[in-house]
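Novice: sequence and predicted structure are below.
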There are 2 protein chains.
Amino acid sequence: MFESAEIGHRIDKATWDEQVPTLRAELLAAQYELKQRAGFRVLILINGIEGAGKGETIRLLNEWLDPRLVQVHAFVDATDDEQRYPAARRFWQDLPPRGRMGVFFGNWYSQLITLTVRGKIEQAQLDQAIGKVERFERMLCDEGTLLFKFWFHLGKAEFKQRIDEQGDDPLQHWRASPLDWHKGKTYSKVLTVAEHLLRQTSRDYAPWYVLDGSDANYRSLTVGRMLLQGLRARLDQQQPARAATHAAPLAVAQDGRRLLNELDLSQTLSKSDYKKQLQQEQQRLAALVQNKAFRTHGLVAVFEGNDAAGKGGAIRRVSAALDPRQYQIIPVAAPTDEELAQPYLWRFWRHVPGHGSFTLFDRSWYGRVLVERVEGFCSEADWLRAYNEINDFEQDLTEHGLVVVKFWLSIDQETQLARFRERENVPYKRFKITEDDWRNRDKWPQYVEAVSDMVDRTSTREAPWTLVEANDKRFARVKVLRTINDQLEQRLSK
Amino acid sequence: MFESAEIGHRIDKATWDEQVPTLRAELLAAQYELKQRAGFRVLILINGIEGAGKGETIRLLNEWLDPRLVQVHAFVDATDDEQRYPAARRFWQDLPPRGRMGVFFGNWYSQLITLTVRGKIEQAQLDQAIGKVERFERMLCDEGTLLFKFWFHLGKAEFKQRIDEQGDDPLQHWRASPLDWHKGKTYSKVLTVAEHLLRQTSRDYAPWYVLDGSDANYRSLTVGRMLLQGLRARLDQQQPARAATHAAPLAVAQDGRRLLNELDLSQTLSKSDYKKQLQQEQQRLAALVQNKAFRTHGLVAVFEGNDAAGKGGAIRRVSAALDPRQYQIIPVAAPTDEELAQPYLWRFWRHVPGHGSFTLFDRSWYGRVLVERVEGFCSEADWLRAYNEINDFEQDLTEHGLVVVKFWLSIDQETQLARFRERENVPYKRFKITEDDWRNRDKWPQYVEAVSDMVDRTSTREAPWTLVEANDKRFARVKVLRTINDQLEQRLSK
């Protein structure tokens, strides 16, 4: 795997001087075209052997490229504050938007290499992590990312010479690698892990490029040219690729019965029972989030439901129990320009709570498999793969100790009609009813189908859906609060 | 994930009687169209809860479908003979060809569930295995497979009732599940694993379909209709999907230097040294394959190289040391019709040796990234993903204890010309030279590029490439034998 990078590639000064000006001009031109068309983003991952010139090459690239259109991120050890959040959040936050370029140092690969070399994880755990990396990178590519993965290589002899030259020079201390490269075995340990990593994650949509780092001219010209060729090829691509999705429809039920229609919507709660139970559950919630165990947990509550099903009211009953410094309510509406320039889940990642916090999503990432599916706002391939991406996302959350609770508030068509009418007639409620609401109502059967598929494909043991019978608002609110409490209690006591 | 399958779906007899005749007719029609066009194959995986009617449904399907065009395979515990081969071989062998349908019971999922429920593998190992399953299924789909994955479900109460009814009835003993479903905890253990498995492996190109197994009419009609809808949709697809491959070219070297051109082809061996060393190495090999440790190992030797580089001669010098019952030489030529109807690697899987055996491949699966790439016999996307598929394939072999040794026999253009001329002039060698050889020779630079990429992307620690300087045949033969011995010795002593 590293054979070609050990034959001592060189570019002499004359060739360098002759070729660099054209390369720079063409790179800039490609960069502007990328910005103008903004059809995709470019993400460059930099990894490799210590002393193989990663930093130097990137500094040079920064000189060649328009710095307003490219950002370099070095992910060193997570700060205390960052550790409150799922590890993937840092990478999500710094993704370049469409039209821009990003360079990631100290990325997910560096972290896996460090952990494995230090013996913190075993082979099976490494492979488990590799599976996640593969899914993440595929998502990035499906979401319009041109991903470059460069491995800066040095043969063993060359490496030894570099590391000896480096010696104890304090000027070199900025090379803050988490690994002790002066130790005799580090090099070969890194190479063993890297070979496995590169082999498993070099895929047709995101291959690794191993390059010889021994000559400064060679490595910089190589990275520059690879970038240019890749960028140009993608910019000149006529026809976008189309994912091979399964041909069969998703819904299985052949007797017309859907989960949603099975709910007993006649359930109610009397006013006095409601008052008592609501207070009980609110006190229970307040106690749970004060619990010491909550400091290494957090809560994500997702509220979806029919229009006028009472999401807002339910959310307010939950938040009433909480210290305002502890929670955030995120109403999800149409994405901003900035959000549209990012992979779909980016705008939800920004609101993921840290340990000890609580986020209530009023509508959520499920929009993709609900309204976007039904209204045709995205392609079939997009919403089909969203089930996987959402499951992966929620797994990131639950593995970090976040409790994910998801509600579908369900009402029947008559109740909805009555509430719509009420909204039209009560002046201070009029803002709550729009043309869209009436339009959605016409697509009732499609929503029933979409919701059933959603529950079937994303209700998991770790992040289950709860269907809430919401014809009676009191019943619904208590059920929501109680479910949150039950699930929180269960997870905190683990 | 199982919510919809627990609401008690039913199909009454009247509906059944009314709908089945049409369904059967349409299924048969789709099956014939599939056969005629032979554009893809259909593979149906059947998994689920004991008692949910898997077997019954398949028997019915067999009745409805043309049995000449569909084959059912039940993979029970591997026999002693089967255990000599990598586990994946059984599945490869029984894949349906294009135009046909196959049903797999006791497939890779059943095996993973059994292992996990029995506590033989941990979560991390399960996820490691899931990664392999994902790659395998993606390969199948990329290679023209419409994959159906059915999970036959029963709610807990329903399951209990079934299993009690089943009781100790000896007529039920053919239900040879490897799990003891009568044990109280089996059901919920299976469900926990299944939920994780289904979630991780339900992908847009191969989603799972969970169906309610409690009513015989419902489950059979459902499977029949899902098959029909999926088949029809795929048959009616106008435009085939196109994989999103990376836009940049593969080769990194920007100074025109390629691995192959770095070889010192002037190395020779005198006649007397050759005789002595050849005999030495042959005796060493004979001893190694008699070694007791070889009974749990095996050897796969791949010979690739320039035309007239001496592959045949080298192979004969290796086989001369071996007992003919122990080895097989597989010359790889154009694929047969039967082989063309299968995924690319199928024709190599058939010749994978078992423990204690030895296969010498005269040309190999690398044809895809060599001749097929250079001549354009397959699409760019096909040969790009082949690197991954080949690495996965070889990993299956090495994990089973097979030692994989790969040779590229390299000569320069002058030597090739001299050998071509000799072949033309010596009557008994004339059959060895064809038009193709001259044509390949014109593409020398493209082959240098393809070989370098191949080595860079498929030379791994476990299955490394050895470049053999073959201008001098004696030197080459001894190097080949010595490399095999060294690698075999190293692996057997582990």
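Specialist: Noted; the coordinates are in hand.
Novice: what about the strands in the stretch 151-300 of chain A?
Specialist: Assigned by DSSP state E, counting those that start in this stretch, the strands in the stretch 151-300 of chain A fall at A:208-212, A:298-305.
Novice: isn't A:His73 up against A:Gly102?
Specialist: Yes - between A:His73 and A:Gly102 there is a contact at 6.6 Å, judged by Cβ atoms under 8 Å. All C-beta atoms are positioned from the backbone trio N, CA, C, and that covers glycine.
Novice: more crowded one of the two?
Specialist: Neighbour count, other Cβ atoms under 10 Å in any protein chain shown: between A:His73 and A:Gly102, A:Gly102 has more, with 19 against 16.
Novice: helix, strand, or coil at that one?
Specialist: Judged by DSSP: H, G, I helix; E, B strand; the rest coil, the three-state class of A:Gly102 is strand.
Novice: what's across from it in the sheet?
Specialist: Residues in a beta bridge with A:Gly102, per DSSP bridges, are A:Leu43, A:Gln71.
Novice: show me how far stretch A:75-92 is from its chain's centre.
Specialist: 13 Å (Cα atoms, centre = their mean, to the nearest Å).
Novice: list the buried residues for it?
Specialist: Neighbour counts over stretch A:75-92 (16 or more other Cβ atoms under 10 Å in any protein chain shown) mark A:Phe75, A:Arg84, A:Tyr85, A:Pro86, A:Ala88, A:Arg89, A:Arg90, A:Phe91, A:Trp92 as buried.
Novice: what sits against the closest residue in space to the fifth one that isn't next to it in sequence?
Specialist: When you say that, I think you mean A:Ala88. Sequence neighbours aside, A:Asp396 is the residue nearest to A:Ala88 in space, at 5.1 Å (criterion: Cβ to Cβ, 6 or more residues apart in numbering or on different chains). By Cβ atoms under 8 Å, 6 or more residues apart in numbering or on different chains, A:Asp396 lies in contact with A:Pro86, A:Ala87, A:Ala88.
Novice: ok, A:Leu45 to A:Phe148 distance?
Specialist: Distance from A:Leu45 to A:Phe148, counting by Cβ to Cβ, to the nearest Å: 7 Å.
Novice: A:Ser202 too?
Specialist: For A:Ser202 relative to A:Phe148 (Cβ to Cβ), the value is 12 Å.
Novice: now do A:Arg234
Specialist: 11 Å.
Novice: the two - which one has more neighbours?
Specialist: Per other Cβ under 10 Å, whichever of A:Arg234 and A:Phe148 has more neighbours is A:Phe148, with 23 against 17.
Novice: in three-state terms, label the more buried one for me.
Specialist: Applying three-state DSSP: A:Phe148 is strand.
Novice: quick one, grab the pLDDT at the residue nearest to A:Ala88.
Specialist: On pLDDT, A:Asp396 comes in at 93.
Novice: how many degrees apart are the one helix or strand it maps to and strand A:298-305 in direction?
Specialist: Assigned by DSSP states H and E, A:Asp396 belongs to helix A:380-399. Computed by axes from the mean of the first three to the mean of the last three Cα atoms, to 10 degrees, the angle separating helix A:380-399 from strand A:298-305 equals 150 degrees.
Novice: helix A:380-399: which residues count as buried?
Specialist: By 16+ other Cβ under 10 Å, the buried positions in helix A:380-399 come out as A:381-398.
Novice: what bits of chain A have low per-residue confidence?
Specialist: Applying pLDDT under 70 to chain A flags the ranges A:167-176, A:240-244, A:247-249, A:251-252.
Novice: now for A:His73 and A:Gly102: what residues contact both?
Specialist: Joint contacts of A:His73 and A:Gly102 (Cβ under 8 Å, 6+ apart) are A:Asp94.
Novice: can you list the residues of the stretch 301-450 of chain A near chain B?
Specialist: Contact residues, the stretch 301-450 of chain A versus chain B (Cβ under 8 Å from any Cβ of the partner chain): A:Ala381, A:Leu384, A:Arg385, A:Tyr387, A:Asn388, A:Asn391.
Novice: excluding chain neighbours, give the residue nearest to A:Arg162 in space.
Specialist: Closest to A:Arg162 by Cβ to Cβ, 6+ apart is A:Gly51, at 3.5 Å.
Novice: for B:Gln280, state which of the contacts of A:Asp396 is nearest.
Specialist: The nearest member of the contacts of A:Asp396 to B:Gln280, counting by Cβ to Cβ, is A:Ala87 at 55.2 Å.
Novice: list the contacts of that closest one.
Specialist: A:Ala78, A:Asp396, A:His400.
Novice: residues from the stretch 51-200 of chain A in reach of chain B?
Specialist: A:122-125, A:127-128, A:130-131, A:134, A:141-142, A:146-148, A:192, A:195-196, A:199-200.
Novice: these in helices, which ones?
Specialist: A:123-125, A:127-128, A:130-131, A:134, A:141-142, A:192, A:195-196, A:199-200 (DSSP state H).
Novice: domains of chain A?
Specialist: Annotated domains of chain A cover A:3-235, A:261-492 [automatic domain parsing].
Novice: do me a favour and get the end-to-end distance for the shortest one?
Specialist: Across its full length, domain A:261-492 reaches 33 Å between end residues, using Cα to Cα, to the nearest Å.
Novice: now do the longest one
Specialist: Taking Cα to Cα, the first and last residues of domain A:3-235 lie 31 Å apart.
Novice: any idea how far it is from the chain center?
Specialist: The answer for domain A:3-235 is 20 Å, by Cα atoms, centre = their mean.
Novice: roughly how far apart are the nearest residue to A:Asp437 once chain neighbours are set aside and chain B?
Specialist: The shortest distance from A:Asp437 to any residue other than its chain neighbours is 4.7 Å, reached at A:Asp307 (Cβ to Cβ, 6+ apart). Remark: distance between A:Asp307 and chain B (Cβ to the nearest Cβ, to the nearest Å) = 23 Å.
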